[in-house]
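Peer 1: any chance you can model this:
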Amino acid sequence: MLGFDGEFMPNVLTRATALLAVAAALAGCGEGAPKQAAPPPVVTVAKPVKQTVTDYDEYVGRFIAVDSVEIRARVSGYLDKVHFKDGQIVKQGDLLFTIDRRPFETALAQTRATLAQARANLAFAESDLARASQLVRDRTITEQTFEQRTQAKRVAEASVAAQEAAVRQAELDIQFTELKAPVTGRIGDRRVSEGNLVTGGTGGNTTLLATIVSIDPIRFEFTFDEASFLRYERLGNAGKDSSRGPGLDVAVKLIDEQDFNHAGKMDFVDNVIERTSGTIRGRAVLTNANGVFTPGMFGRVRVPGSPPYEALLLPDAAIGSEQVRKFVLVVDNENVARTKYVTLGQLVGELRVIKEGIAADDRVIVNGLMRARPGQKVTPQEQAAPPAAGPQAKS
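Peer 2: Got it, this is the predicted structure:
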């Protein structure tokens, strides 16, 4: 305790100074101690997988029928009977509708009777002309009378020919009362019920009875740009004569499917590029034995855009992003991570095609990319086995 006269003040100052010196000494000892360096991060490295691949393009398109026919009557009359169930598969030549044929049978009988009368008139005209031939030689009748009988025979012949044509037309009308399927396919629902009047003929006001669309084979129609058109033409016509059906093998998948499991072949490319859109129409044909594909249905088609080539592939997890550029980290001989910028291709299973930027013997970091930094030393561990490349997928 300090007195009022300050007798013990020097002792207190001495002790405080000593404590400060000890604290400074301890602090100096802490700064001089060396820090323990962190070990290099452990990463998994693997060499790129070599595989023969093909570049593919994908487009959205729609299925269309090879044949689509509207069933309309050629003659007018009352619908007598319908011979199918709505939506069933019909074969070419199957009877679909029957129109009341009784008026047409009556018309046929009338034309046949008129034909018989015309033939009788022709027979009389022929015999009359034969008699006139002898009489004109005997100067019994005049030349004018003979010409009149000759003309009568010609008129009778023309009448017979006209009535024969009328009989054939009446027979056709009877055949037209039975409407048969012109193609094999699936028929829609009946548009007219039995007992209704059907308007036939070739005009625009004829009655639509039903529609038929062919099912197998079926076409898939889609559009693509001009650059793709040039690639497909060169690829499809390599070593062949130039044609507008490249014959490229394509694959199609439906909207609820994951893989392109339906094989087809391009059979047609249009002859004009649309000036407004810069696209051209293409078409593929596929088998449809089970009838799953329906005209009007949407799907996706995959078209080969390059010949097969040898490519290097890496897992997507090994690829990093730097703004718009893609890169991988490669471990050099001194176990230092180095950056290599790459150009990516399509997915093949779970692997990504690397078009440019790496070599086949590069040791690429495939696991632990976030732990490594460019220029940093790492502890690489070789991957036991490279990942297997599956079927090719979209780009």
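
Peer 1: contact partners for Tyr341?
Peer 2: Shown in contact with Tyr341 (CB atoms under 8 Å, 6 or more residues apart in numbering): 325-327, 357. For glycine as for every other residue, the C-beta is placed from the backbone atoms N, C-alpha and C.

Peer 1: excluding sequence neighbours, find me the nearest residue to it.
Peer 2: With sequence-adjacent residues excluded and distances taken as CB to CB, 6 or more residues apart in numbering, Tyr341 is closest to Phe327, at 4.9 Å.

Peer 1: next one: Val160
Peer 2: Spatial nearest neighbour of Val160, chain neighbours left out: Ala118 (4.5 Å); criterion: CB to CB, 6+ apart.

Peer 1: so what's that neighbour up against?
Peer 2: Contact analysis of Ala118 by CB under 8 Å, 6+ apart lists 156, 159-160, 162-163.

Peer 1: thinking again about what came up before, distance of the residue nearest to Tyr341 relative to Glu334?
Peer 2: In this structure, Phe327 lies at 20 Å from Glu334, with CB to CB, to the nearest Å as the measure.

Peer 1: out of these two, which sits in the more crowded spot?
Peer 2: Here Phe327 and Glu334 are compared on neighbour count by other CB atoms under 10 Å; more neighbours surround Phe327, at 17 against 7.

Peer 1: helix or strand: which one has the more buried one?
Peer 2: strand 325-331 (DSSP states H and E).

Peer 1: ok, that strand: who's next to it in the sheet?
Peer 2: For strand 325-331, sheet partners with direction are given as strand 320-322 (antiparallel), strand 337-348 (antiparallel), strand 363-367 (antiparallel), following DSSP bridges.

Peer 1: okay, the second one in CSV with CA atoms only?
Peer 2: Same thing as strand 337-348. In CSV, the C-alpha atoms belonging to strand 337-348 read as follows (Å, rounded to 0.1, in the frame of the first residue of the first chain):
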residue,chain,number,x,y,z
ALA,A,337,-1.6,-29.3,-60.7
ARG,A,338,-1.7,-27.5,-64.0
THR,A,339,-4.7,-25.9,-65.8
LYS,A,340,-5.7,-27.0,-69.3
TYR,A,341,-8.5,-25.3,-71.2
VAL,A,342,-10.7,-27.8,-73.1
THR,A,343,-13.4,-27.9,-75.8
LEU,A,344,-16.3,-30.1,-74.9
GLY,A,345,-18.3,-32.5,-77.0
GLN,A,346,-21.3,-34.6,-76.3
LEU,A,347,-22.1,-37.0,-73.5
VAL,A,348,-21.4,-40.7,-74.0
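
Peer 1: average pLDDT for it?
Peer 2: Summarised as a single mean, pLDDT over strand 337-348 is 91.

Peer 1: quickly run through the sheet partners of the following helix or strand past it, with directions.
Peer 2: Scanning the chain past strand 337-348 towards its C-terminal end, the next helix or strand to appear is strand 351-356 (assignment: DSSP H and E). Next to strand 351-356 in the sheet, as set by DSSP bridges, lie strand 309-315 (antiparallel), strand 337-348 (antiparallel).

Peer 1: hang on, the earlier thing: and the residue nearest to Val160, that's in a strand?
Peer 2: No - the secondary structure assignment for Ala118 gives helix rather than a strand, going by DSSP: H, G, I helix; E, B strand; the rest coil.

Peer 1: just to revisit the earlier point, can you verify my assumption that the residue nearest to Tyr341 contacts Thr343?
Peer 2: No - applying CB atoms under 8 Å as the test, Phe327 and Thr343 come out as separate, 10.7 Å apart.

Peer 1: what sits in contact with each of these two?
Peer 2: Where contact means CB under 8 Å, 6+ apart, the residues bridging Phe327 and Thr343 through contact with each are Gly357.

Peer 1: can you list the low-confidence ranges for the stretch 1-150 of the chain?
Peer 2: Counting by pLDDT under 70, the stretch 1-150 of the chain shows low-confidence ranges at 1-37, 138.

Peer 1: show me where it has helices.
Peer 2: Counting by DSSP state H, counting those that start in this stretch, the stretch 1-150 of the chain has helices at residues 9-32, 102-137, 143-176.

Peer 1: dump those helices to JSON lines, plus distance to Val60.
Peer 2: Converted to JSON lines, the helices of the stretch 1-150 of the chain look like this (distance: least, CB to CB, whole Å):
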{"stretch": "helix 9-32", "distance to Val60": "69"}
{"stretch": "helix 102-137", "distance to Val60": "50"}
{"stretch": "helix 143-176", "distance to Val60": "43"}
